[in-house]
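Here is the input, now give the coordinates:
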Amino acid sequence: MHRSALLGIGLFLAMVMLLIPVLAGPAKSGSTAVHLAVIAATSGMASVHNQASLRGLYLAAAKINSRGGCLGSPLELTVLDNQSTSLGSRRAAQEAVRLGVAAVLGPIWSSHSLAAAPVLQAAGIPMITPLSTNTRVTQVGDHIFRTCFTDDFQGRVMARFARERLNAATCAVLASADEDYSQGLAKVFAEEFMAAGGKVVYTADYRAKSLDFTPQLAQVQRLDPNVIFVPGYGLDVGLIIRQARSLGINTVFLGGDAWSDLYDHDIQGLEGNYYSTFWHPDLPVSGNASVRQDFLEASGSHLRDSMDTAMAYDALLLVVEAIERAGSTQPALIRQALADTSSFVGVTGSIAFDASRNPVGRGAVILKTGEQRPSFETVFDLQSGISPRQP
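Numbers count the residues shown, from 1 in each chain. I've put the predicted structure just below:
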């Protein structure tokens, strides 16, 4: 997984706003840059998790500019720090509107996207998030897009995986009280687990900045469920697993895509658990050999299994393709071009949007945690959510 020490963007962490012209060479005389904004956390608790996505955007911008830019002009990204808060995300969106950008990439976390989206929708600026899975994000309006699956889907997938592949009859669910993502995913998982014949024996919330999960884990230990579903972010999940193991709880933990930074916090004893994500580098995708090779060469071997980096990389390539198809930087035309996307093929696969501006035809990858990195377990088809296929 992505290690913060290896991402090469630590110098951005303290900056509230930074204009980043990612140019392959000097701009042509008289040219006008294509200006996009990125809303992400470069400070606060979400900053470590967001780093891989920022890295993907920088890599994609450099690749685009090395090939002549967008519409014959350099591509420029303005990174707006949301300070890891919903209020900061709203303010960042307001700043993007003030700057008059053509489109916005991000935010990354669902709670941040839910705060930024209404501002951008009202201003008529298209927003595309690579990782915000909460179902309500794209429901804000017709200018809001995502390239990832939704919590409704991955919650069903993990519940079916628990019932059908792990033969789990009972489960416990621990969710962050402070994240829309965690609450929404916990709800979907519990509902699907019960619909599939399982029993949820315990549900509890925890605070995002908690360090002690003993009260919740004591109840889990008493009830002894077959699996424990924790749809949190990497630091929370790592601490919960470590404390569970220290209490003698050896139950399998399950989670969602936000586990992507699980290995960034130097926490030991993570082996033998499972989570859903969007992509794995060992999965072949028809027609993407060239863009895949470009990405792997640019990202380096230490990032080749960073799902967040690849998802952000594809999101920017997709926006630029839409701008070029529109032949304009007018937000309304870009929005329509994004909605009309039907044949884009990126690192993570093909992308087309349904009427709700969610991607269609994408599967969920299930990974198994190891001592130092996860390994591929299986893939579930997006349409059914219950039919595993091997790559």
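
mean confidence score for the helix or strand containing G155?
Following DSSP states H and E, one finds G155 within helix 151-160. What helix 151-160 shows for mean pLDDT is 93.

Check stretch 185-198 too.
97.

How about stretch 229-238?
94.

on that earlier part again, so what secondary structure elements neighbour the helix holding G155?
Helices and strands touching helix 151-160, by 3 or more CB pairs under 8 Å, 6 or more residues apart in numbering; DSSP states H and E, are helix 180-195, strand 274-277, strand 364-369. No exception for glycine: its C-beta is placed from N, CA and C like everyone else's.

would JSON lines of these with distance to E76 be doable?
Below are the helices and strands packed on helix 151-160 laid out as JSON lines (distance: least, CB to CB, whole Å):
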{"stretch": "helix 180-195", "distance to E76": "30"}
{"stretch": "strand 274-277", "distance to E76": "30"}
{"stretch": "strand 364-369", "distance to E76": "33"}
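
So which of those is the most surrounded?
Of the helices and strands packed on helix 151-160, the one with the most neighbours on average (mean count of other CB atoms under 10 Å) is strand 274-277, at a mean of 26.

what about dumping the CA coordinates of that one to CSV?
The C-alpha coordinates for strand 274-277 follow below in CSV (Å, rounded to 0.1, in the frame of the first residue of the first chain):
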residue,chain,number,x,y,z
TYR,A,274,-10.5,-8.7,4.2
TYR,A,275,-11.7,-5.4,2.6
SER,A,276,-13.2,-4.2,-0.6
THR,A,277,-11.5,-1.8,-3.0
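
how many other residues sit next to the closest residue to A352 other than its chain neighbours?
Nearest residue to A352 in three dimensions, chain neighbours excluded: S342, at 4.9 Å (CB to CB, 6 or more residues apart in numbering). By the measure other CB atoms under 10 Å, the count of residues near S342 is 10.

For R146, see how far away S342 is.
17 Å (CB to CB, to the nearest Å).

circling back: so what's the gap between the helix holding G155 and the chain middle?
15 Å (CA atoms, centre = their mean, to the nearest Å).

residues in contact with it?
110, 133-135, 181, 184-193, 195-196, 198, 229, 231, 254-257, 274-276, 364, 366, 380, 382, 385-386 (CB atoms under 8 Å, 6 or more residues apart in numbering).

So for the residue most central in space within the chain, what's the nearest residue that isn't a sequence neighbour?
Nearest to the centroid of the C-alpha atoms of the chain, with distances taken as CA atoms, centre = their mean, sits L131, at 2.4 Å. Computed as CB to CB, 6+ apart, the closest residue to L131 that is not its neighbour in sequence is I108, at 5.0 Å.

Mind telling me what element that neighbour is part of?
Here I108 is assigned to no helix or strand, by DSSP H and E.

burial count for it?
The burial count for I108: 28, using other CB under 10 Å.

so what's it up against?
So, once contact is read as CB under 8 Å, 6+ apart, I108 ends up touching A40, A41, A46, H49, N50, S53, T129, P130, L131, S132, D308.

circling back to that earlier point, now the residue nearest to A352: phi and psi?
phi -140, psi -20 (degrees, to the nearest 10).

Can you report how many residues lie near the nearest residue to A339 once chain neighbours are set aside?
Among residues not flanking A339 along the chain, F353 sits closest, at 6.2 Å (CB to CB, 6+ apart). Residues lying near F353 (other CB under 10 Å) number 21.

Break this structure down into its domains, please.
4-149+284-351, 151-277+364-389 (automatic domain parsing).

could you dump those domains to TSV with distance to N358?
Converted to TSV, the domains of the chain look like this (distance: least, CB to CB, whole Å):
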stretch	distance to N358
domain 4-149+284-351	6
domain 151-277+364-389	9
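
can you tell me which of those the model trusts least?
domain 4-149+284-351 (a mean of 85).

ok, back up a step: by how many degrees do the helix holding G155 and helix 180-195 diverge?
Interaxial angle, helix 151-160 versus helix 180-195 (axes from the mean of the first three to the mean of the last three CA atoms, to 10 degrees): 40 degrees.

CA-only coordinates of the helix or strand just after helix 151-160 in PDB, if you can.
Per DSSP H and E, the first helix or strand lying C-terminal to helix 151-160 is strand 170-176. The C-alpha coordinates for strand 170-176 follow below in PDB (Å, rounded to 0.1, in the frame of the first residue of the first chain):
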ATOM      1  CA  THR A 170     -23.200 -13.800  13.100                       C
ATOM      2  CA  CYS A 171     -21.400 -10.500  12.900                       C
ATOM      3  CA  ALA A 172     -20.700  -7.300  14.900                       C
ATOM      4  CA  VAL A 173     -20.600  -3.900  13.300                       C
ATOM      5  CA  LEU A 174     -18.400  -1.000  14.600                       C
ATOM      6  CA  ALA A 175     -18.700   2.400  12.800                       C
ATOM      7  CA  SER A 176     -17.300   5.900  13.200                       C
END
